[in-house]
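> Predicted coordinates and the sequence they were generated for:
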Amino acid sequence: MGTPKGKGNLYKALNQAKERPEKNYSLILKASDTGIVSEEDLGEIRAKIGEDAYQQEMECNFNVARAGAIYSKEINDARNEGRVLDFGVDNSQLVHTTWDLGSPENTVVIYHQRDQHNLTYKVIDCDFGLNVTTAERVAHMMAKGYNFGQHFLPHDGRTRGADNMSFQNKLLEAGLQNVVVLPNAGFGAEDKGIRTMKDMFSSIFFSKLVDVEDGLLDALDNYHNREDKKDGRVTNVVVHDWCSHFADAFRYWGEAIKSGMVMGSLTPKALGRAKSSFGKSL
């Protein structure tokens with residue numbers, strides 16, 4: 001029970017209830033339908049809180065971005081511009097991965113490709129929720145049959161655990177090649193990474209696989225800054241919840257490209273210049 005804050009857990013629960021009506025009861029009560037609040041009072045509420053908040057609080061509209069949403073506009077643009085498509089892997093291009101590390105279930109692996117011809121990027125696959133050993137994870141990846149390039153870990157991928165082994169070494173030992181640890185980007189790394197991905201977003205295409213099955217776009221859509229409970233003001237502090245596992249793995253792709261670590265890649269600024277030149281040459 002509650003009011004929408006983007007397409008988060010409440011939205012998922014509602015859809016699950018609709019799919020199994022024999023097991024669950026679901027009900028949406030819009031102020032415009034119930035008649036409990038007068039039109040005059042609704043008008044005053046709308047004027048006071050604004051249209052977006054009104055649509056969420058009074059009309060149960062899940063399509064309004066939650067307060068502090070970081071990538072919601074970019075995700076909406078990708079959908080509207082037809083950049084969420086049903087496509088498979090291009091075997092002529094390498095598949096690179098970026099990782100966010102946590103417990104096995106919370107580790108996220110995102111699979112990327114670069115299209116050298118039209119200077120775009122593709123997100124083709126995503127792993128999350130796998131309760132597996134490192135060796136089983138590598139076997140799972142190899143079974144996909146992708147032509148792998150590099151695998152980018154966050155800077156803590158080099159940290160040694162109680163067994164004196166880093167996660168990078170464990171992946172290498174399990175048979176994964178070209179495992180690269182990104183350098184520590186220092187203070188403000190998260191904010192800089194987000195800005196980089198926003199700059200790149202218009203050049204990124206997403207497979208429907210990562211939308212429908214893997215939940216990546218849902219996570220990016222719900223990735224948000226913290227809202228001050230006292231006055232509703234949105235802070236510049238990112239909320240670290242289930243969404244941030246996906247979002248961190250996502251932004252590491254930008255960090256890898258910006259640092260020039262992806263073989264033959266263009267930085268976001270160089271990409272913009274190249275796309276402009278490419279367009280003029282057509």
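That came through, no problem.

> what does stretch 198-214 rub up against?
Around stretch 198-214, the neighbours that count as contacts under Cβ atoms under 8 Å, 6 or more residues apart in numbering are 71, 74, 77-78, 83-88, 110, 119-128, 216-218, 254, 257, 268, 271-272, 275. (C-beta placed from N, C-alpha, C; glycine too.)

> run the last query once more with 7 Å
By Cβ atoms under 7 Å, 6 or more residues apart in numbering, the residues outside stretch 198-214 that reach it are 74, 78, 83-87, 119-126, 128, 216-217, 254, 268, 271.

> Hmm, Arg160 is touching Ser166, no?
Yes: when contacts are counted by Cβ atoms under 7 Å, Arg160 is listed as touching Ser166 (5.1 Å).

> Comparing those two, which residue is more hemmed in?
Taking neighbours as other Cβ atoms under 10 Å, Arg160 and Ser166 compare with Ser166 leading, 18 against 11.

> Give me the distance between that one and Ala189.
Note on Ser166: its distance to Ala189, by Cβ to Cβ, to the nearest Å, is 20 Å.

> What is the least confident helix or strand in the protein?
When the helices and strands of the chain are scored by mean pLDDT, DSSP states H and E, helix 268-281 comes last with a mean of 43.

> start to end distance for stretch 94-107?
One end of stretch 94-107 sits 22 Å from the other (Cα to Cα, to the nearest Å).

> Buried ones in it, by neighbour count?
Across stretch 94-107, burial judged by 16 or more other Cβ atoms under 10 Å covers 94-101, 107.

> can you check stretch 74-86 too?
Going by neighbour count (16+ other Cβ under 10 Å), the buried part of stretch 74-86 is 74-75, 78, 83-84.

> try stretch 140-147
Neighbour-count burial for stretch 140-147 flags 141, 146 (criterion: 16+ other Cβ under 10 Å).

> Tell me how far that stretch lies from the chain's centre.
Counting by Cα atoms, centre = their mean, to the nearest Å, stretch 140-147 is centred 22 Å from the centre of its parent chain.

> And it, end to end?
Using Cα to Cα, the end-to-end distance of stretch 140-147 comes out at 14 Å.

> Mind listing residues that contact that stretch?
Here stretch 140-147 makes contact (Cβ under 7 Å, 6+ apart) with 89, 91, 94-95, 111, 130, 132.

> so of the residues you listed, which ones are in helices?
Using DSSP state H, no member of the contacts of stretch 140-147 sits in helices.

> Might you list the low-confidence residue ranges for this protein?
Applying pLDDT under 70 to the chain picks out residues 5-8, 51-53, 55-56, 61-67, 116-118, 228-236, 264-282.

> mind running it again at 80?
3-12, 15-16, 49-57, 59, 61-68, 116-119, 185, 211-214, 226-236, 263-282 (pLDDT under 80).

> Helices of that one, start to end?
9-19, 31-34, 39-49, 51-57, 72-80, 134-142, 167-173, 189-200, 208, 216-222, 242-258, 268-281.

> Could you check the angle the longest one makes with helix 9-19?
Relative orientation of helix 242-258 versus helix 9-19 (axes from the mean of the first three to the mean of the last three Cα atoms, to 10 degrees): 110 degrees.

> residues in contact with Cys30?
Slight slip there: residue 30 is Lys, not Cys. Per Cβ under 7 Å, 6+ apart, neighbours of Lys30: 59-60.

> how near is it to Leu14?
For Lys30 relative to Leu14 (Cβ to Cβ), the value is 13 Å.

> Leaving out sequence neighbours, find the closest residue to the residue sitting nearest the centre point of the chain.
Centroid-nearest residue in the chain: Leu220, 3.3 Å away (criterion: Cα atoms, centre = their mean). Once flanking residues are discounted, Leu220 sits nearest to Tyr71: 4.6 Å by Cβ to Cβ, 6 or more residues apart in numbering.

> same deal with Glu136?
Per Cβ to Cβ, 6+ apart, closest to Glu136 is Leu130, 8.0 Å.

> how much space is there between the closest residue to Arg46 other than its chain neighbours and Ser32?
Spatially, and ignoring its direct neighbours in sequence, Arg46 is nearest to Tyr54 (4.4 Å; Cβ to Cβ, 6+ apart). Remark: distance between Tyr54 and Ser32 (Cβ to Cβ) = 10 Å.
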